[in-house]
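Colleague: any chance you can model this:
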Amino acid sequence: MTANRTTATESKNFSGALRPKSNYTSALVLLTSLFFMWGFITCLNDILIPHLKGLFDLNYTKTMLIQFTFFGAYALMSIPAGWIVGKIGYKKGIVLGLSVTGVGALMFYPASMMISYGVFLTGFFILATGITILQVAANPFVAILGAPETASGRLNMTQAFNSLGTTIAPIFGGLLILSNHTVAAEKAATVQIPYIGIAIALFLIAVVFAFAKLPNIKAESQQKAAGSAWKYPHLVLGAIAIFLYVGGEVSIGSFLISFFKEHDIAGLVETEGAKYVAMYWGGAMIGRFFGAISLTGIKKQNTRFILYAVTMVFAFFLAWYLTKETTLAALFLIFVIINLAGFLLGKNKPGRTLSIMAGIVVVLVTITVISSGKFAMWPIIAVGLFNSIMFPTIFTLAIDGLGKNTSQGSGILCMAIVGGALIPLLMGVMADNFGIHHSFLITLVCYLYILFYGIRGYKHQIKTENI
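Modeller: Reported below is the predicted structural model:
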């Protein structure tokens, strides 16, 4: 989801002490579990948003304080997390991150007992702080476990499991958290077992990491780069694109259940709406599979065709499992085919692919805004498919040609994730004043800018330095 942000470029910042031929399979398996867990936890917010809105009788603006608190932690804690991991190392950083995240999950128990929105928000902040530490430690760890030229492949694989977590979370949350309880204490209590279970799982994984034999990797000392990354217009414009992308993606996920409940859209109860949220995030997973197939450099056309076909079959059965209707699964498959066509038309050119995907999303969101009923519902669900490769593509384009300023540029882009805190809040204000349907205009503006960045904004406007 939304939250695992890194590129293979980071691997250049570390020593080459690791031998490419070494076997780091077990280490990668352990690290992949982290990507799954934080994807799962982050996307579970989309279930808690309508749950807590009903529990505390909140308007949309106050409800979006959940995402404001959660993603605001990224902005506040990224630099301290980097300092901590630099001091204690990656392995201890992962153990610390898992432990802090576990404590955050446990906070939901007293929050539910006290029925306190403030304590819930405190839990969200602690959760996000732990995940921030995990990202700072785990992302570069994955990038450097092996040969630099295969780093992007490893990251794509771990990100696919992150998307698996974001797909499963709404199903899990819909079954265990969303309910028809009318008594506040009973409604609040539904979060206790799921989050206690999450906390136990996190603490157990922390114990495994504490005793696991992982490669001892240390960052190289870096010379302070001359000049500033801020002098590169394509980086600054890229940071704005990251800000708006994360904000748009998170906003859509946050409002889907409430949107589907509207009588002029689908009139779905929350438990049914949660299944379609899973489809939204599942689309991102499917799109990443397509992206991985396209970017792995597979030369045999038959092999690529088979992998594309397998992915489409998987997409069909995922949609069928969630909806239990063959017709709806076939409808979702049409969007999947359009997504694949977008990759093929992109011809592995980042800017071209980004502009195609953003252009399609602009059309989809526009249809949602101007229409009603299920005709408005399905385009916004399909947006997840086209979101899949936006973050890494924008990130790569933005840091291209920064030379010795690459590390600073990466930090600027990571700070831009705070868009996930501010854009949903802005959308909440608009939903309260103009209705949830029209509030999607906020996301339309976000994707129009991303379209601009894919067409023109990423192009270098000053002479770049040699890396």
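
Colleague: per the record, what domains does the protein have?
Modeller: Listed domain ranges for the chain are 24-216, 227-460 (source: automatic domain parsing).

Colleague: lowest average confidence across those, which one?
Modeller: Lowest mean pLDDT within the domains of the chain: domain 24-216, a mean of 85.

Colleague: what ranges do the helices span in the stretch 101-250 of the chain?
Modeller: With DSSP state H, counting those that start in this stretch as the criterion, the stretch 101-250 of the chain has helices at 108-114, 117-144, 151-176, 184-189, 192-211, 233-261.

Colleague: report the angle between the third one and helix 192-211.
Modeller: So the one you mean is helix 151-176. Per axes from the mean of the first three to the mean of the last three C-alpha atoms, to 10 degrees, the angle that helix 151-176 makes with helix 192-211 is 150 degrees.

Colleague: could you pull out the helices for the stretch 351-467 of the chain?
Modeller: With helices called from DSSP H, counting those that start in this stretch, the stretch 351-467 of the chain shows them at 374-387, 390-399, 406-415, 419-434, 436-439, 441-452.

Colleague: using TSV, lay out the ones you listed together with mean neighbour count.
Modeller: Every residue, glycine included, has its C-beta placed from N, CA and C. What follows is these, written out as TSV (neighbours: other C-beta atoms under 10 Å):
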stretch	mean neighbour count
helix 374-387	23
helix 390-399	25
helix 406-415	21
helix 419-434	22
helix 436-439	18
helix 441-452	21
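
Colleague: let me know which of the ones you listed is the nearest to Ala81.
Modeller: Ranking those by proximity to Ala81 (C-beta to C-beta) places helix 406-415 first, at 10.3 Å.

Colleague: output that closest one as PDB, nothing but the C-alphas.
Modeller: What follows is helix 406-415, C-alpha atoms only, in PDB (Å, rounded to 0.1, in the frame of the first residue of the first chain):
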ATOM      1  CA  THR A 406      20.300  11.400  -4.700                       C
ATOM      2  CA  SER A 407      20.100  10.600  -0.900                       C
ATOM      3  CA  GLN A 408      18.800  14.000  -0.100                       C
ATOM      4  CA  GLY A 409      16.300  13.700  -3.000                       C
ATOM      5  CA  SER A 410      15.100  10.400  -1.700                       C
ATOM      6  CA  GLY A 411      14.500  11.900   1.700                       C
ATOM      7  CA  ILE A 412      12.500  14.800   0.200                       C
ATOM      8  CA  LEU A 413      10.300  12.300  -1.700                       C
ATOM      9  CA  CYS A 414       9.700  10.200   1.400                       C
ATOM     10  CA  MET A 415       8.700  13.200   3.400                       C
END
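
Colleague: next, give phi and psi for Lys300.
Modeller: Main-chain dihedrals, Lys300, degrees, to the nearest 10: phi -80, psi 120.

Colleague: any idea how far Lys87 is from it?
Modeller: Distance of Lys300 to Lys87, computed by C-beta to C-beta, to the nearest Å: 47 Å.

Colleague: these two touch, right, Leu48 and Pro194?
Modeller: No. Counting by C-beta atoms under 8 Å, Leu48 does not reach Pro194; the two are 9.8 Å apart.

Colleague: for the two, indicate the residue with more neighbours.
Modeller: Just comparing Leu48 and Pro194: by other C-beta atoms under 10 Å the higher neighbour count belongs to Leu48, 24 against 20.

Colleague: what distance do you get for that one to Lys324?
Modeller: Per C-beta to C-beta, Leu48 is found 25 Å from Lys324.

Colleague: next one: Lys87
Modeller: 52 Å.

Colleague: in the longest helix seen in the chain, which residues are buried?
Modeller: Scanning the chain for the longest helix, with DSSP state H as the assignment, gives helix 25-56. For helix 25-56, burial by neighbour count (16 or more other C-beta atoms under 10 Å) applies to 27-28, 30-56.

Colleague: chain center to that helix: distance?
Modeller: Centroid separation between helix 25-56 and its chain, computed with C-alpha atoms, centre = their mean, to the nearest Å, is 10 Å.

Colleague: what's the answer for stretch 264-281, then?
Modeller: 19 Å.

Colleague: cool, and stretch 252-260?
Modeller: On the basis of C-alpha atoms, centre = their mean, stretch 252-260 sits 16 Å off its chain's mean C-alpha point.

Colleague: and if you look at stretch 231-248?
Modeller: Here stretch 231-248 is found 16 Å from its chain centre; the criterion is C-alpha atoms, centre = their mean.

Colleague: report the buried residues of it.
Modeller: Neighbour counts using 16+ other C-beta under 10 Å place 232, 234-248 of stretch 231-248 among the buried residues.

Colleague: can you check stretch 165-175 too?
Modeller: Within stretch 165-175, the residues scored as buried using 16+ other C-beta under 10 Å are 165-174.

Colleague: try stretch 268-282
Modeller: Using 16+ other C-beta under 10 Å as the test for burial, stretch 268-282 gives 268, 270-282.

Colleague: what do you get for stretch 66-77?
Modeller: Of all the residues in stretch 66-77, those buried under the rule 16+ other C-beta under 10 Å are 66-75, 77.

Colleague: for Met64, give me its contacts.
Modeller: Met64 makes contact with 49, 254, 424-425, 427-428, according to C-beta atoms under 8 Å, 6 or more residues apart in numbering.

Colleague: pipe those residues into CSV and attach distance to Tyr109 per row.
Modeller: Shown next, in CSV, are those (distance: C-beta to C-beta, whole Å):
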residue, distance to Tyr109
Ile49, 19
Ser254, 24
Pro424, 26
Leu425, 27
Met427, 30
Gly428, 27
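
Colleague: now do the contacts for His438.
Modeller: 369, 430.

Colleague: what of the one 10 residues further on?
Modeller: Contact partners of Leu448, counting by C-beta under 8 Å, 6+ apart, are 358, 362.

Colleague: again with Ile442
Modeller: 248, 251, 423, 426-427, 430.

Colleague: try 7 Å this time
Modeller: 251, 423, 426-427, 430 (C-beta atoms under 7 Å, 6 or more residues apart in numbering).

Colleague: packing partners for the longest helix of the chain?
Modeller: Applying 3 or more C-beta pairs under 7 Å, 6 or more residues apart in numbering; DSSP states H and E, we find helix 25-56 packed against helix 60-63, helix 65-88, helix 117-144, helix 151-176, helix 184-189, helix 192-211, helix 233-261, helix 270-295.

Colleague: and of those, who's closest to Met107?
Modeller: helix 117-144 (3.3 Å).
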